[in-house]
Each structure stands twice: as C-alpha cells, then as structure tokens.
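J.: give me a 3D structure for the following:
(one chain, ligands or ions: 3)
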Amino acid sequence: MVKLTQTEELVMTKTADQILNNPFLNKGTAFTKAERQALGLIGTLPSQVQTIEEQTTQAYAQFQSKATRLEKRIFLMNLFNENRTLFYHLMDQHVVEFMPIVYDPVVADSIEQYNELFLDPQNAAFVSVDAPEDIEATLKNAATGRDIRLVVVTDAEGILGMGDWGVNGVDIAVGKLMVYTAAAGIDPSQVLPVSIDAGTNNQKLLDDPLYLGNRHKRIYGDRYYETIDKFVAAEQKLFPESLLHWEDFGRSNAQVILDQYKDKIATFNDDIQGTGMVVLAGILGALNISKESIKDQKILSFGAGTAGMGIANQIMDELMQAGLTEAEAKQHFYAVDKQGLLFDDTEDLTPAQKAFTRQRSEFSNADELTNLEAVVKAVHPTVMIGTSTQPGTFTESIIKEMAAHTDRPIIFPLSNPTKLAEAKAEDLIKWTDGRALVATGIPADDVEYKGVTYQIGQGNNALMYPGLGFGLIAATAKVLNAETLSAACHALGGIVDTSKPGAAVLPPVSKITEFSQTLAEVVAQSVIDQKLNKEPITSAKQAVADMKWVPEYK
Ligand SMILES: NC(=O)c1ccc[n+]([C@@H]2O[C@H](COP(=O)([O-])OP(=O)(O)OC[C@H]3O[C@@H](n4cnc5c(N)ncnc54)[C@H](O)[C@@H]3O)[C@@H](O)[C@H]2O)c1
Ligand SMILES: O=C(O)C[C@H](O)C(=O)O
Ligand SMILES: [Mn+2]
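T.: Numbers count the residues shown, from 1 in each chain. Ligands and ions are numbered 1, 2, ... in the order given. I've put the predicted structure just below:
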C-alpha cells in the first residue's frame, strides 16, 4: 500500500467544504479530475479544470478592474483568504505593484478601517489580556495543527507612526507575514499572526460601537508583562522550532520585552533591529557612492524612540567594529526628540536614549538646542534619519543648512505611512541640487532632476526582516546575536551598481526575492559558524534552499 503523507491523510479525511474553504488546501478550479474524484469534490466545482496560470491571469484582471488602492487590497485579501497558493503565485509576478497594497502604506488604511471592513480573521490568533488562561488554547486553535515556524506578534500600541490601534493592528502582523512569504519563501501554512489585545488608549476606537477588541484602556505593568510571559511560554511550548518576531509595540515596552527574551529564544524586534539593519545597510550603500568612511560621519537621529535608538545601536556596533572605542563611537551621535537635543540632564529620558546623550558643556548655546533647526546649525550632521512621526519636519531651510556643510548629505525620512514622512524624496533631491543620498520608508518614484534619474531606495525593514527571519529559521537558530545582525547588514553590499549616476543606496524591491535569499544564506552561515544551530546543519545554502516554499499546487 502507498504510504500517504500527513497532508494527504489530512485532506482525505475532509469533506468538500472543508477543503474548498481551507486556504492552505484549496486549489479552486485547478483541482484535477483525479483529485476531484479522490477528495469527494465531484460536482462541487464547474467542470473546466484550470491551470494556475489561467487562474492567475483571471485574478490579475479582476485586481486591475478595482478603482482604488483600498478596493485592490480588499480583492487581494479575499483571494488570500480563499486560496493562498494562488495569491502568492500572483504576488510573485507583481511584487513591486502588490507590496504597497498588502503592506505599507495601504495596510495603514485597512488598520484604520478594520472594524468596518472585517470579514475574516485571516488565521490570526487573538490573545486577550483579560483571559490569560486561554492563551495556550488560543494559539493551538489558530494553528489548527499546522507546523508553525514563524510568529509575528503585535500589541499595536505603536502601529507605524499612527499610534494605538488596539486589535485592528493585527493587519500589520498579517501584512509582515505576506512579505515574508513573497520575499523569502516561508511556507504560508507555517506562519501565525498574533494580536495581543491589551486594550487601547485610542478613544475613537473605544467609542466606536463597531470596535472588535477589548473595550477598555490599555493595561500596563505587571498584568501586561504576565500576559506577555504566558504568551511566550505557550508559543515556545507549542511551536518549539519557531522564530518570534515582535512588531509595533509601544516605546515603553518594545525594548524591555526584547531584553527579556533575546538571550533565551530565537526572537527579534523588527522596529529596533530590522530598522537598524536596513538603515546601516543604506548608509553603507550611500558611503559606497560618496566614497566616504563611516568613521567620518556625524549622525543625527530625529525621533529617538524605538526605531531611532535601534538604528543608533546598530550604527554604534559598526563604528566599534571599525576600531572605535565605545566612548569614541558615542561622539558620532546626536539624538533629538521632543525635548530637542538630548543631554545627560534632560528629563524623561528612556533607558535606550541614556546611552546617546550629549553634555551641555559641549555647546556654547546648549539651552537653545530645543528644535531640529537649531541642532542642525550647531552640529552640521552628515547623516540625518527621521523616525519622529512628524510630517514635513525636514524643511527646505534645515536641509539646505545641512547640505551647506557636507558634499553628499545622507538623508533618510523614514516615518510611515506616507502622510507622516519627514520629507519627500523629490524635495530632498531638489533642495540639495542632486547631492542628497536618500532613502524613504514607503516606496518613492524615481526623481528626474537636471537630466539625471535618481532612484530612491526604500529604507523599510521589509528589505531585511524576510531574509533575516528565513535564515534564522532555516539554520534552526537558538538566538540572534550582534554578530549575525552585523553580517546581515553587510550582505546587501555589491547588489546595487553604485557607479551609475543617481544610483539608489539600497537594492530595489523588484529584486527582493533575490537579495532575501542572499541575506538568508549569510544569516544561516553566521548562525552555523557560531554553533548556534539547534539541529545539525552542514550547508547554510542547502538549508535555505530546502526550506523555500514555491507557490505551485502540490
Ligand atoms: N522605515 C522603516 O522601516 C521604519 C521602521 C520602524 C519605524 N518606522 C517609523 O518611524 C516612526 C517612529 O516609530 P517608532 O516605532 O520608533 O515609534 P516611537 O513612538 O517609539 O518613537 C517615536 C519618537 O518620536 C518622538 N517624537 C514625537 N514627536 C516629536 C517631535 N515633534 N520632535 C522630535 N521627536 C518627536 C517621540 O517622542 C518618540 O521618541 C514611525 O512613523 C514608524 O512608521 C519606520
Ligand atoms: O511597517 C513598516 O512599513 C515599517 C516599520 O515596521 C514601521 O513600523 O513603520
Ligand atoms: Mn513596525
């Protein structure tokens, strides 16, 4: 007798509706006659058998017929809910066009309208701070027996730069996972998006009769951390082979949670570490163009929160690897937040900010350094990174002042979504007469200026986390450490042809599947070199190739 695989056995025991309504199993009109016979699907579908290519062409035509980006997204999410293989087959062919729809920036609109648009929980797990006793059952039920290798969890206190969105934020976990599969090839049946519903301080949601989450203020402190701890314990117990990715937690919790678990399990925080990686990779790309050294840069972080301090720490590591002492490296940073330039005596510093403060005695006008313009005048930064959530704050006069003191200013306005960006790429190129080396958080069109086409890199952690995560999972990593992060930051070097005028500082999203694979291999190799793999692995390249899922019907 032929031995059936676990999936085949699972499928054989299901009824027609259980197969057709299961996005991991459904092939729709592509079920062959033989499959229809074997699975009890005879007569449940129109008689024509379609190929996946025919289905893809038809689905793309429907996608194109939608008038707005939000309608396009709703169509794609319905397809995703019905047939995941077909969805990813289609996305594979249109990754540049689909990324902004399924991910940032249109994911932001879907989060804001989650309650009005709700149709399907999209196989997410909804953990509630009010029912800690249900956490294990919640994860188990949502996983439906699948072999989960990757969990993206959010409590949605800091969704992009839009603040607190309660249970609505689950869409960012779903969106991040869509990018993982499209970019790196994680099997979509092996992932689990998780919402930790700790309440919300968004009064608009609390007052909305349609709001679907816990209708109370956000819980902080012991009760919150107990929920997180129970969640991590259940997650590790049920999915011991999994990687745990944290997304869009609030400033007061993100680093605390990361520090609690980073040396114990395979985990990372995307806003801290993923963003740190993409910014360092972008700076290295920019320095490749300007032929300058990182040791000669003065780095100004505008918005010294979760992402801003994650970035500073990643660059700090790089400077120390380049031979600087910690004290010397620290001299390269200027952290600016609501209070202005952060000094060691500034009130309300976060623990992460304390490592990057300056002394008032360094400046003759320290008391005046309470806004970005004054700080730029006093410091003359060569690199300026925006993670402030404050739109339009990189003004023409600030940028011109910066550009007056450096040949190739490196300027990355990274706040998302579109409406929160500190500046537009086009303006930065014009204000600096084409000298700025720019990356933006959301996709930006090429800029034509004085006969040169400037390509704008997308300084979004989506360029990094799929390859990073996939490499860690493929290598069965026990933990993620600084050495692996650093190796990953350098992995993108050489992919962009920096000799071309107007070259981007980061590789284009059109190449995301290629460079995610490179990244995954570099990450897996680093894990193996440090003997941080749980299972024996001989070849990093092979381990990555073996894990890769392709969107074809099995
Ligand atoms: N492009 C990317 O890959 C990427 C990654 C992570 C975060 N981000 C973006 O960065 C922004 C911040 O995200 P976060 O997770 O760090 O949030 P956060 O809340 O932890 O940090 C935001 C910081 O900005 C500060 N801020 C607010 N108003 C300010 C002002 N007027 N002047 C100076 N600073 C001010 C806040 O005090 C806070 O410290 C968001 O818009 C987010 O979308 C982008
Ligand atoms: O989600 C994004 O687009 C990037 C980043 O994680 C963010 O929070 O803005
Ligand atoms: Mn984020």
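
J.: what about the residue of the chain found nearest ligand 2, how many neighbours?
T.: Relative to ligand 2, the nearest point of the chain is residue 104 (3.2 Å; Cβ to the nearest ligand atom). Heads up, the C-betas are built off the backbone N, CA and C, glycines and all. Neighbours of residue 104 under the rule other Cβ atoms under 10 Å: 24.

J.: next, it: phi, psi?
T.: Note on residue 104: its backbone torsions stand at phi -60, psi 130 [degrees, to the nearest 10].

J.: what's the spacing between the nearest residue to it once chain neighbours are set aside and residue 436?
T.: Leaving aside its chain neighbours, residue 104 sits nearest to residue 416 (5.3 Å; criterion: Cβ to Cβ, 6 or more residues apart in numbering). In this view, residue 416 and residue 436 are 20 Å apart by Cβ to Cβ, to the nearest Å.

J.: please apply the same query to residue 352.
T.: Distance from residue 352 to residue 436, by Cβ to Cβ: 28 Å.

J.: who's more crowded, these two?
T.: In terms of neighbours (other Cβ under 10 Å), residue 436 is the more surrounded of residue 352 and residue 436; the figures are 25 against 21.

J.: the more buried one is in contact with residue 407, isn't it?
T.: No - using Cβ atoms under 8 Å, residue 436 is not in contact with residue 407, being 10.5 Å away.

J.: just give me the neighbour total for residue 32.
T.: 12.

J.: ok, now residue 433?
T.: Residue 433: 11 neighbours (other Cβ under 10 Å).

J.: same question, residue 542
T.: Here the number of neighbours of residue 542 (other Cβ under 10 Å) works out to 13.

J.: against residue 370, how distant is residue 340?
T.: From residue 340 across to residue 370, the span is 3 Å (Cβ to Cβ).

J.: ok, now residue 125?
T.: Taken as Cβ to Cβ, the span from residue 125 to residue 370 is 44 Å.

J.: between the two, which one's more packed in?
T.: Neighbour count, other Cβ under 10 Å: between residue 125 and residue 370, residue 125 has more, with 26 against 14.

J.: surely that one and residue 142 touch.
T.: Yes - counting by Cβ under 8 Å, residue 142 is a contact partner of residue 125 at 3.5 Å.

J.: now for those two: what residues contact both?
T.: Common contact partners of residue 125 and residue 142 (Cβ atoms under 8 Å, 6 or more residues apart in numbering): 192, 194.

J.: which residues in the stretch 201-350 of the chain form helices?
T.: 203-206, 222-238, 251-261, 275-290, 306-321, 326-330 (DSSP state H, counting those that start in this stretch).

J.: touching ligand 2 at all, the longest strand anywhere in the chain?
T.: Determined from DSSP state E, the single longest strand within the chain is strand 191-197. No - Strand 191-197 stays clear of ligand 2 (Cβ under 6 Å from any ligand atom), getting no nearer than 13.6 Å.

J.: which ones are touching the residue in the stretch 301-450 of the chain that ligand 1 sits nearest to?
T.: Closest contact between the stretch 301-450 of the chain and ligand 1, by Cβ to the nearest ligand atom, is at residue 305 (1.8 Å). Contacts for residue 305 (Cβ under 8 Å, 6+ apart) come out as 158, 251, 337, 350, 387, 388.

J.: and the stretch 251-400 of the chain, which of its residues are near ligand 1?
T.: Within the stretch 251-400 of the chain, the residues that sit near ligand 1 (Cβ under 6 Å from any ligand atom) are 251, 271, 275, 278, 302-308, 336-338, 387-390.

J.: so which of those residues also contact ligand 2?
T.: residue 271.

J.: so which of the residues of the stretch 251-400 of the chain next to ligand 1 also contact ligand 3?
T.: residue 271 (Cβ under 5 Å from the ion).

J.: any of the residues of the stretch 251-400 of the chain next to ligand 1 buried? List them.
T.: Among these, those scoring as buried are 251, 271, 275, 278, 302-308, 336-337, 387-390 (criterion: 16 or more other Cβ atoms under 10 Å).

J.: now do the contacts for residue 250.
T.: 155, 157, 158, 164.

J.: please report how far it lies from residue 155.
T.: Counting by Cβ to Cβ - residue 250 and residue 155 are separated by 7 Å.

J.: now do residue 519
T.: To residue 155, residue 519 is 27 Å away according to Cβ to Cβ.

J.: then residue 444?
T.: According to Cβ to Cβ, residue 444 and residue 155 sit 30 Å apart.

J.: so these two - more neighbours on which side?
T.: For residue 444 versus residue 155, neighbours defined as other Cβ under 10 Å are more numerous around residue 155 (33 against 23).

J.: just checking, that one touches residue 201?
T.: No - shown here, residue 155 and residue 201 do not form a contact pair, counting by Cβ under 8 Å, at 11.7 Å.

J.: ok, back up a step: ranking the contacts of residue 250 by neighbours, who comes first?
T.: residue 155 (33 neighbours).

J.: can you pull the contacts of that residue?
T.: 169, 195, 196, 197, 198, 248, 249, 250, 253.

J.: show the pLDDT at it.
T.: With respect to pLDDT, residue 155 has a value of 98.

J.: how about the contacts made by the nearest residue to it once chain neighbours are set aside?
T.: Once flanking residues are discounted, residue 155 sits nearest to residue 196: 4.2 Å by Cβ to Cβ, 6+ apart. The contact partners of residue 196, taken as Cβ under 8 Å, 6+ apart, are 127, 129, 153, 154, 155, 227, 228, 231.

J.: kindly report the residues of the stretch 251-400 of the chain close to ligand 3.
T.: Checking the stretch 251-400 of the chain against ligand 3 by Cβ under 5 Å from the ion, the hits are residue 271.

J.: find the closest residue to ligand 3 in the stretch 251-400 of the chain.
T.: residue 271 (4.4 Å; Cβ to the ion).

J.: show me the shaky parts of the protein.
T.: 1-10 (pLDDT under 70).

J.: tell me the residues of it that contact ligand 1?
T.: 158, 160-161, 251, 271, 275, 278, 302-308, 336-338, 387-390, 414-416, 420, 441, 459-461.

J.: what parts of the stretch 251-400 of the chain come near ligand 2?
T.: Counting by Cβ under 6 Å from any ligand atom, the stretch 251-400 of the chain sits next to ligand 2 at 270, 271.

J.: apply 8 Å and report the result again.
T.: Residues of the stretch 251-400 of the chain lying near ligand 2 by Cβ under 8 Å from any ligand atom: 270, 271, 274, 275, 307.

J.: format those residues as TSV; extra columns: distance to residue 179.
T.: Shown next, in TSV, are those (distance: Cβ to Cβ, whole Å):
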residue	distance to residue 179
270	11
271	15
274	11
275	14
307	17
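
J.: the closest residue to ligand 3 within the stretch 351-500 of the chain: how many residues sit nearby?
T.: Closest to ligand 3 within the stretch 351-500 of the chain is residue 461: 6.8 Å, counting by Cβ to the ion. Burial of residue 461 is recorded as 27 neighbouring residues (other Cβ under 10 Å).

J.: how near is it to residue 311?
T.: Distance of residue 461 to residue 311, computed by Cβ to Cβ: 10 Å.

J.: swap in residue 106?
T.: 25 Å.

J.: the two: who's more crowded?
T.: More crowded of residue 106 and residue 311, by other Cβ under 10 Å: residue 311, with 32 against 23.

J.: can you pull the contacts of the nearest residue to the more buried one once chain neighbours are set aside?
T.: Nearest-residue entry for residue 311: residue 279, 4.5 Å, with adjacent residues in sequence omitted and distances by Cβ to Cβ, 6+ apart. Contact analysis of residue 279 by Cβ under 8 Å, 6+ apart lists 311, 314, 315, 385, 412, 414, 459.

J.: perfect, I'm done here.
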